[in-house]
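1. How does the following fold in three dimensions:
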Amino acid sequence: MTHVANLPLLSIIIWLPILGGAAILALGNARARAAKWSALIVALLTFVFSLGLLTGFDKTNAGLQFVESHPWIPTFDIFYNLGADGIAVTLLLLNTLVTVLTLIGAWGSVSKRVSQYVAAFLILEGLTNGIFAASDPMLFYVFFEAMLIPMFLIIGVWGGPRRIYASLKFFLYTFLGSVLMLVGLIYLYVKGGSFQLHDLYAMHLSAKEQTWLFFAFLIAFAVKIPMFPVHTWLPDAHVEAPTAGSVVLAAIALKIGGYGVLRFNLPIVPDAAHHYATFVIVLSLIAIVYVGLVALVQDDMKKLIAYSSVSHMGFVTLGSFISFALVRDYGNTDAARLGLQGAMVQMISHGFVSGAMFSCVGVLYDRMHTRMIKDYGGVANVMPWFAVFFVFFGMANSGLPGTSGFVGEFMVVLASFQKHPYIAVFAALTLIIGASYTLWLVKRVLYGDVANAHVAELEDLNGREALVLGVFAVAVLAIGIYPKPLTDLLEPSIAHLATQIASSKL
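-> Numbers count the residues shown, from 1 in each chain. Just a heads-up that it's a prediction; the model follows:
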């Protein structure tokens, strides 16, 4: 294992899928089966190499590990710098595992431009790994922008009838937001003469400077999360994206926003983040409650789960920003760490639960070619094993204790209670609202009499679909029953982040 740890693991898991995807493009459309097998092998190799990050990680070290540094544009102090702490490692593992499951799940669902389809997912995986591994802000920005291209193509080429509208909306929202981040990074470089992250963390900034930088970064990451009110691109993107695109979008792409908040907003501009924490907390509570109510009235399964994602991701920003009030106003570092831990656990949990929910919708769509809830009913009578998985993931989406959906939300609610009971009460409403729209969905799709002849002819899960949903189920159950390995991996990085946000730059 020492030999594995000495490898440039971060570069491998970035460039292996990117180069593999580029090579698969050369296979052409005539060799679809070879393209699918090649993509799966590359994704599996990437996942195996990412496991080296876990086995070689020092859980007592809060700093970046597996560090790589090479000159890129040294004139402007821009380097190919990579490194991963506990936060990054968990997200890298999530990305590499979900990509494998996505490719297996999409095995038979696409028949046109197959080589380009699987190549787009591999390239997207590599670019997303670059986002989580980059420790140079400009390198981060390049990966941050580049991952829009394969995601744009996945929605725009293989999506539904309104795919062009959805892909353009997705691209414009995320691109315009990230331009503000670029302006903020350039300002920091002009002021301090450095693009290195450790220099940005140490840079003294006035209250006015921090305010402008805070909103520049917040808007860029809020669109990605997405936060209310810049969330409206997400339902359209999910509805029009192919199933595999929805899985990756929900399980991985949304986490980039939460990661950016933890990596940039909080430690670079801590005073502005503290000052505007109440503003973000209010937006988070609106997302949790109001958007959850919006999910309750949807008649499209994908759109319902998309709004559900906005509601659940509200816990990520709530946990992140509630920590400022706890550590600065009350001096309660333990509660602040609990809030940050809860935000991270919620991100990982949501990655598995939302990915599983969209996979379940994909199973039904492949058979019926409709996502409308009214077209179903009584599915449990003909697909009993599918019903078991769908009910289980529905329970996790509702925050049932014993599933991963409960752990992160409970930690954030507990931390919020230390700030003010009213915040905790509003946040805890998600347990009622989430159960309402999820169980209402499950009831209408699975139970009752068989709705029509098309439902009566449905076949239960095949081995490939059962494998994908089974792995998702194991992950959801493992985190729900025993989250300690995950929290132990995160703890040093979370503790260091709590120390950073406790310090003023004024």
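2. Can you tell me the SS state at the residue nearest to Asp136 when sequence neighbours are not counted?
-> Leaving aside its sequence neighbours, Asp136 sits nearest to Asn81 (Cβ to Cβ, 6 or more residues apart in numbering; 4.0 Å). C-betas here are computed from N, CA, C, even on glycine. When classified by DSSP: H, G, I helix; E, B strand; the rest coil, Asn81 comes out as strand.
3. Cross-check the contact I'm expecting between Trp385 and Leu458.
-> No: taking Cβ atoms under 8 Å as the contact criterion, Trp385 and Leu458 are not neighbours in contact, 11.8 Å apart.
4. Looking at these two, which has the bigger crowd around it?
-> It is Leu458, of Trp385 and Leu458, that has more neighbours when counted by other Cβ atoms under 10 Å, with 18 against 13.
5. and the more buried one, what does it touch?
-> For Leu458, the set of contacting residues under the criterion of Cβ atoms under 8 Å, 6 or more residues apart in numbering consists of 367-368, 379, 382-383.
6. buried sites along stretch 97-114?
-> Burial within stretch 97-114, assessed by neighbour count using 16 or more other Cβ atoms under 10 Å, is assigned to 97-107, 110, 113-114.
7. Now do the helices in the stretch 51-200 of the chain.
-> For the stretch 51-200 of the chain, the helices defined by DSSP state H, counting those that start in this stretch occupy 86-105, 114-133, 137-146, 148-158, 163-192, 197-202.
8. Just the ones in strands from the contacts of Leu458, please.
-> When DSSP state E defines the strands, the subset of those inside them is empty.
9. Please report how far the residue of the chain positioned farthest from its centre lies from Trp212.
-> In terms of distance from the mean C-alpha position of the chain, Ala453 ranks first, at 37.8 Å (Cα atoms, centre = their mean). From Ala453 over to Trp212 the distance is 61 Å, taken as Cβ to Cβ, to the nearest Å.
10. okay, and the helix or strand of this structure with the least pLDDT?
-> Each helix and strand of the chain was given a mean pLDDT (mean pLDDT, DSSP states H and E); the minimum falls on helix 2-5 at a mean of 51.
11. Where does Ser359 fall, secondary structure wise?
-> Under the criterion DSSP states H and E, the helix or strand holding Ser359 is helix 333-368.
12. for that helix, which positions count as buried?
-> 335-365, 367-368.
13. What helices and strands are in contact with that helix?
-> helix 86-105, helix 243-248, helix 254-260, helix 301-324, helix 384-397, helix 404-419, helix 463-481, helix 484-502 (3 or more Cβ pairs under 8 Å, 6 or more residues apart in numbering; DSSP states H and E).
14. pLDDT (mean, whole number) over that helix?
-> Per-residue pLDDT values across helix 333-368 average out to 91.
15. again with stretch 458-474
-> Taken as a whole, stretch 458-474 carries a mean pLDDT of 92.
16. Restricting to C-alpha, output it in PDB.
-> Once non-C-alpha atoms are left out, stretch 458-474 reads as follows in PDB (Å, rounded to 0.1, in the frame of the first residue of the first chain):
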ATOM      1  CA  LEU A 458     -43.800  -4.400 -16.300                       C
ATOM      2  CA  GLU A 459     -40.900  -6.700 -15.500                       C
ATOM      3  CA  ASP A 460     -39.100  -6.500 -12.200                       C
ATOM      4  CA  LEU A 461     -35.500  -5.500 -11.800                       C
ATOM      5  CA  ASN A 462     -32.800  -7.200 -13.800                       C
ATOM      6  CA  GLY A 463     -29.400  -8.100 -12.300                       C
ATOM      7  CA  ARG A 464     -27.700  -4.900 -13.500                       C
ATOM      8  CA  GLU A 465     -30.400  -2.600 -12.000                       C
ATOM      9  CA  ALA A 466     -30.400  -4.600  -8.800                       C
ATOM     10  CA  LEU A 467     -26.700  -4.200  -8.500                       C
ATOM     11  CA  VAL A 468     -26.800  -0.400  -8.900                       C
ATOM     12  CA  LEU A 469     -29.700   0.000  -6.400                       C
ATOM     13  CA  GLY A 470     -28.100  -2.500  -4.000                       C
ATOM     14  CA  VAL A 471     -24.800  -0.600  -3.800                       C
ATOM     15  CA  PHE A 472     -26.700   2.700  -3.200                       C
ATOM     16  CA  ALA A 473     -28.800   0.900  -0.500                       C
ATOM     17  CA  VAL A 474     -25.700  -0.400   1.300                       C
END
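17. quick one: buried residues of it?
-> Buried residues in stretch 458-474, counted by 16+ other Cβ under 10 Å: 458, 461, 465-466, 468-469, 471-473.
18. Now the element after the least confident helix or strand of the chain, going C-ward?
-> On the C-terminal side of helix 2-5, the nearest following helix or strand under DSSP H and E is helix 9-25.
19. So which bits of that next one are buried?
-> The neighbour-count check on helix 9-25 (16+ other Cβ under 10 Å) flags 9-18, 20-21, 23-25 as buried.
20. one step back: which one of the helices of the stretch 51-200 of the chain lies nearest to Ile501?
-> Ile501 lies closest, by Cβ to Cβ, to one member of these: helix 197-202, at 10.9 Å.
21. neighbouring contacts of whatever helix or strand comes next after that closest one?
-> In the C-terminal direction, the helix or strand that comes right after helix 197-202 (DSSP H and E) is helix 207-224. Contacts made with helix 207-224 from outside it, assessed by Cβ under 8 Å, 6+ apart, are listed as 173-174, 177-178, 180-181, 183-184, 187-188, 191, 205, 230, 233, 253-254, 256-258, 260-261, 264-265, 268-273, 275-276, 280, 317, 505-506.
22. let's see 7 Å
-> 173-174, 177-178, 180-181, 183-184, 187, 205, 230, 254, 256-257, 260-261, 264-265, 268-269, 271-273, 276, 505-506 (Cβ atoms under 7 Å, 6 or more residues apart in numbering).
23. got the buried residues for stretch 44-64?
-> Neighbour-count burial for stretch 44-64, with 16+ other Cβ under 10 Å as criterion, is recorded at 45-47, 49-50, 52-53, 56-57, 62, 64.
24. Flag the least confident of those.
-> Taking the buried residues of stretch 44-64 together, the minimum pLDDT is found at Ala62 (83).
25. Just the buried residues of the contacts of helix 207-224.
-> Among these, those classed as buried by neighbour count (16+ other Cβ under 10 Å) are 173-174, 177-178, 180-181, 184, 205, 230, 254, 256-257, 260-261, 264-265, 268-269, 271-273, 276, 505.
26. ok now do Ser115, which residues does it touch?
-> Taking Cβ under 7 Å, 6+ apart as the test, what Ser115 contacts is 24-25, 27-29, 31-32, 35.
27. Taking those together, which two end up most distant?
-> Largest separation among those by Cβ to Cβ: Leu25 and Ala32, giving 12.8 Å.
28. where in the stretch 1-150 of the chain is pLDDT low?
-> Across the stretch 1-150 of the chain, the ranges flagged by pLDDT under 70 are 1-5, 30.
29. one more time with 90
-> Applying pLDDT under 90 to the predicted model, the residue ranges of the stretch 1-150 of the chain that meet it are 1-7, 25-36, 55-65, 67, 69-78, 105-115, 135-136.
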